[in-house]
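Asker: below are the sequence and a predicted model; questions follow.
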Amino acid sequence: MDPNFLEFEQPIAELQAKIEELRFVTDDSDINITEEIATLQNKVETLTQSIFSKLTPWQISQLARHPNRPYALDYIDRVFEDFEFLHGDRCYADDAPMVGGIGRLDGKPVMVIGQQKGRDTKEKIKRNFGMPRPEGYRKAMRLMRLAEKFKLPLITLVDTPGAYPGIGAEERGQSEAIARNLYVLAELKTPIISTITGEGGSGGALAIAVGDRINMLQYATYSVISPEGCASILWKSADKAPQAAEALGITAERLKELELIDNIIPEPLGGAHRDPEQMAATLREQLIEDIDRLQSIGIDKLLDQRYQKLMNYGAYSEN
Amino acid sequence: MSWFEKLLPSIRTSGSDDKKNVPEGLWAKCDKCDAIIYRAELERNLDVCTKCDHHMRIPARRRLEHFLDEEGRSEIAPDLESSDPLKFKDHKKYKDRLSAAQKATGEKDALIVIKGSVKGVDLVAAAFEFRFMGGSMGSVVGEKFVRAVNTALEHNIPLVCFSASGGARMQEALISLLQMAKTSAALTRLSRRGLPFISVLTDPTMGGVSASFAMLGDIHIAEPGALIGFAGPRVIEQTVREQLPEGFQRSEFLLEHGAIDMIIDRREMRDRIASLCAMMTHQPAP
């Protein structure tokens, strides 16, 4: 199995492999191979389109966690100019799974907070597999307050399996750190744009995902619990994760239907990792547009709208 | 070990026999010291073991019944019910789980809110019913909490919430997660008005409830020995592959680590919360 392709993408991988083979034999053959390659390339495209037009929630959750998926730092590098990283919570440590800083977006200064996973083993450990500890959330809170103080729009890039479940994290108040961010974001006097770029894992994601505008990349997921976690609790078996993914409605499409997010940002064919440059460009355009729109609303009105939006979450009847 | 204790295991009947020997309803057994207590006496003692002071879980309505003054109570939003927008179904339908929980507890959902007074100090009190799907927070709990805040704002009085919850309600998926943001946001209004929010953490207060309004109190009170934390101990053990320290995530541990202000015995809760609220709102001692 080609590691660059997920299981459901294997038919694409096989075609791609055939193309590579043909390319290899091009030199010592008289038949017109260029044409053949072009036909196959077209076939790859149609096949990818067809496979990606009917992805299941479980397949999407694999894309959201794809090892090659662009992470916060990949976007920061491509979307912002003059970026300066800011470090530390001023209390305890600098938590590597939470990154952030000041930069310019299309010339305008903004504050950015993102969650960062690692690519190789060393980096994965350094980034704690993208699971922030309390000091990460407190660093994020410090940057939120700075954004407010200097009237910088706040942009958050959400991608985490969840907040870290560890002994030290509990000792240092993981719950309080997350709760405090929810509180601060609700009343922060600056426009906030949150984008779920990969895995929106529960409270650990929500702690930087409260805002005026909630975007989701097309193949990102956002959920109260991972499909595996939900399956092992409710179905008593992690093997039922595909069913759990379906029931939880973790995809951008479903969450938009439920009016729990505002907007879906389309991904390149085959997912963000197939063309990070294009993905970053699309994200950049969206962020510029969002900021323009939110900045045209007065801050008091914006805060009222944010509050109303939060109060509207819920589905109940009262007889 | 005394000669008597050595004899105990052979005298003591096994778990299943215990149940047979304790007639349902009349007697209760302490979860901690195994003492058999006359149920009426236990209830008079607010479900605190008369032998070892262990605080057992207490139904929400009974808790509020004891906590509030008898006069002038009014329940807030008692008819709110979940509308199951996702039509969630695992091997059981969420709808059926809800009906079963309603039948078992006599409550519509996991949070009860009553406006009343404690020793003459007016306040809004909310309490979680843990027996209702593990006190999990979904749309109804979130909305009721917001209504509790709004009632406090409307009457300019403090809010007290007794939490007992496993966290967010999975069957309401992302909607339940967003209740964390909703409830936390409501507290910004209470705070701006200078009204106290006292958060009482009881056994257990975990996950989405602990990581939202329950940890946003002006004052954090815990009952003795309550399990309070973000991640469950089993999840942490599986993640770090280490044995958890003695007393980990218990009230005493939280006090030591600076997460809570005080631990209060349930039987003193009324007096001390009335006194705190009176001081925080510049009223004479109750």
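Answerer: Right, received. Where do you want to start?
Asker: the worst-scoring helix or strand of chain A on mean pLDDT packs against which elements?
Answerer: Ranked by mean pLDDT, DSSP states H and E, the weakest helix or strand in chain A is helix A:10-25, scoring a mean of 87. Counting contacts by 3 or more C-beta pairs under 8 Å, 6 or more residues apart in numbering or on different chains; DSSP states H and E, helix A:10-25 packs against helix A:33-52. In this view, the C-beta of every residue, glycine as well, is placed from N, C-alpha and C.
Asker: give me the angle between the helix it packs on and helix A:10-25.
Answerer: 170 degrees (axes from the mean of the first three to the mean of the last three C-alpha atoms, to 10 degrees).
Asker: next SSE after helix A:33-52?
Answerer: Remark: after helix A:33-52, the chain's next helix or strand is helix A:57-64, criterion DSSP states H and E.
Asker: helices and strands around that following helix, which ones?
Answerer: Looks like helix A:57-64 contacts strand A:192-201, strand A:221-223, helix A:227-230, helix A:241-248 (3+ C-beta pairs under 8 Å, 6+ apart).
Asker: the longest one vs helix A:57-64, what angle?
Answerer: The reference is to strand A:192-201. 110 degrees.
Asker: to the chain's geometric centre, what's the distance from strand A:192-201?
Answerer: 4 Å (C-alpha atoms, centre = their mean, to the nearest Å).
Asker: top helix in chain B by residue count?
Answerer: In chain B, taking DSSP state H as the definition, the longest helix is helix B:173-192.
Asker: average pLDDT across that one?
Answerer: Across helix B:173-192, the average pLDDT comes to 98.
Asker: would you mark the buried spots in it?
Answerer: B:173-190 (16 or more other C-beta atoms under 10 Å in any protein chain shown).
Asker: and what of stretch A:106-121?
Answerer: Buried residues in stretch A:106-121 (16+ other C-beta under 10 Å): A:109-118.
Asker: show the end-to-end separation of it, please.
Answerer: 35 Å (C-alpha to C-alpha, to the nearest Å).
Asker: does it come close to chain B?
Answerer: No - Stretch A:106-121 stays clear of chain B (C-beta under 8 Å from any C-beta of the partner chain), getting no nearer than 15.9 Å.
Asker: please, where are all the helices along the stretch 51-200 of chain B?
Answerer: For the stretch 51-200 of chain B, applying DSSP state H, counting those that start in this stretch gives helices covering B:60-67, B:94-105, B:139-155, B:173-192.
Asker: and if you look at the stretch 201-319 of chain A?
Answerer: Remark: helices assigned in the stretch 201-319 of chain A by DSSP H, counting those that start in this stretch are A:202-206, A:227-230, A:241-248, A:252-257, A:276-295, A:299-311.
Asker: any chance of those helices in TSV, with mean neighbour count, mean pLDDT and distance to B:A100 too?
Answerer: Putting the helices of the stretch 201-319 of chain A into TSV (neighbours: other C-beta atoms under 10 Å in any protein chain shown; pLDDT from 0 to 100; distance: least, C-beta to C-beta, whole Å) gives the following:
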stretch	mean neighbour count	mean pLDDT	distance to B:A100
helix A:202-206	29	97	26
helix A:227-230	21	94	20
helix A:241-248	22	95	19
helix A:252-257	18	97	27
helix A:276-295	17	98	44
helix A:299-311	15	98	30
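Asker: save those helices as a markdown table, and put in distance to chain B too.
Answerer: Output for those, formatted as a markdown table (distance: least, C-beta to the nearest C-beta, whole Å):
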| stretch | distance to chain B |
| --- | --- |
| helix A:202-206 | 5 |
| helix A:227-230 | 6 |
| helix A:241-248 | 5 |
| helix A:252-257 | 6 |
| helix A:276-295 | 18 |
| helix A:299-311 | 4 |
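Asker: can I get these in CSV with distance to B:A278?
Answerer: Shown next, in CSV, are the helices of the stretch 201-319 of chain A (distance: least, C-beta to C-beta, whole Å):
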stretch, distance to B:A278
helix A:202-206, 34
helix A:227-230, 44
helix A:241-248, 46
helix A:252-257, 46
helix A:276-295, 43
helix A:299-311, 30
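Asker: gap between A:V158 and A:P97?
Answerer: Note on A:V158: its distance to A:P97, by C-beta to C-beta, to the nearest Å, is 12 Å.
Asker: still on that earlier bit, with distance to A:I12 added, can I get the helices and strands packed on helix A:57-64 in TSV?
Answerer: Compiled in TSV, those are given as follows (distance: least, C-beta to C-beta, whole Å):
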stretch	distance to A:I12
strand A:192-201	21
strand A:221-223	21
helix A:227-230	23
helix A:241-248	20
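Asker: sorry, back to before: if we check chain A, which of the buried residues of helix B:173-192 are in contact?
Answerer: Near chain A, by the rule C-beta under 8 Å from any C-beta, you find B:173-182, B:184-188 out of the buried residues of helix B:173-192.
Asker: off-centre distance for the longest helix of chain B?
Answerer: 18 Å.
Asker: please apply the same query to stretch A:85-97.
Answerer: Using C-alpha atoms, centre = their mean, the offset of stretch A:85-97 from its chain centre is 21 Å.
Asker: could you list the buried residues of it?
Answerer: A:86, A:89, A:93, A:95-97.
Asker: quick one: mean pLDDT over that stretch.
Answerer: Mean predicted confidence for stretch A:85-97 is 97.
Asker: just stretch B:98-105 next, same as before
Answerer: 96.
Asker: residues in contact with the least confident helix or strand of chain A: which ones?
Answerer: Residues outside helix A:10-25 that contact it (C-beta atoms under 8 Å, 6 or more residues apart in numbering or on different chains): A:1-2, A:4-5, A:33, A:36-37, A:40-41, A:43-44, A:47-48, A:51, A:270.
Asker: just the buried ones from the residues you listed?
Answerer: A:5, A:37, A:44, A:47-48, A:51, A:270.
Asker: what's the most distant pair in the residues you listed?
Answerer: A:I37 and A:I51 (20.7 Å; C-beta to C-beta).
Asker: tell me how far the residue nearest to B:E43 when sequence neighbours are not counted lies from chain A.
Answerer: What sits nearest to B:E43 in space, not counting adjacent residues and going by C-beta to C-beta, 6 or more residues apart in numbering or on different chains, is B:R62, at 7.4 Å. Separation of B:R62 from chain A (C-beta to the nearest C-beta, to the nearest Å) stands at 25 Å.
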